[in-house]
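S.K.: Need a 3D model of the following:
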Amino acid sequence: MDAFEGVKNLQKVNLDKSIWVSPMPASYVRFDNLVEDFFTNTHECGLITDVRIRSGKQAPGRNAANWYAIVEFAHENSVPRSMKLASKKLVSFSGQKARIYKTGTRTAIIMPN
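M.R.: Numbering: from 1, shown residues only. A predicted model of the protein is given here:
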């Protein structure tokens with residue numbers, strides 16, 4: 001399954017409450033609670049209802065797998081809060097920098113400081 005197939009499985013109502021985080025360390029596959037803790041407790045973005053960590057297609061010329069996470073919040077106001085973390089370059093998992101996209105858009109949103 002590629003990265004956007006996971007997004008297609010979300011219902012439209014859930015798209016407005018979800019973000020896509022990439023790349024994710026492979027070590028987080030079994031520890032999705034660490035992703036939840038990052039957004040809920042560390043940065044107070046809001047309550048999370050679901051975290052799915054998946055592997056997408058391997059990028060050409062790269063040896064590493066392409067892991068990503070889809071994070072669904074309880075409320076759509078949490079999405080801009082999480083996007084603001086990305087614009088401030090505060091998103092890092094096990095020392096690996098990550099990008100945040102609004103689910104379903106395939107683009108990053110840059111929030112002013």
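
S.K.: and the longest helix for the chain?
M.R.: Counting residues, the longest helix in the chain under DSSP state H turns out to be helix 78-87.

S.K.: Pull out the buried positions in that helix.
M.R.: Neighbour counts over helix 78-87 (16 or more other C-beta atoms under 10 Å) mark 78-79, 81-86 as buried. Every residue, glycine included, has its C-beta placed from N, CA and C.

S.K.: what's the average pLDDT for the helix or strand that it is followed by?
M.R.: As assigned by DSSP states H and E, the chain's next helix or strand after helix 78-87 is strand 92-93. The average of the pLDDT scores along strand 92-93 is 92.

S.K.: quick one: contacts of strand 92-93?
M.R.: Contact with strand 92-93 is made by 24-25, 28, 34-35, 38, 98, as judged by C-beta atoms under 8 Å, 6 or more residues apart in numbering.

S.K.: Mind checking what secondary structure Asp50 has?
M.R.: Three-state call for Asp50 (DSSP: H, G, I helix; E, B strand; the rest coil): strand.
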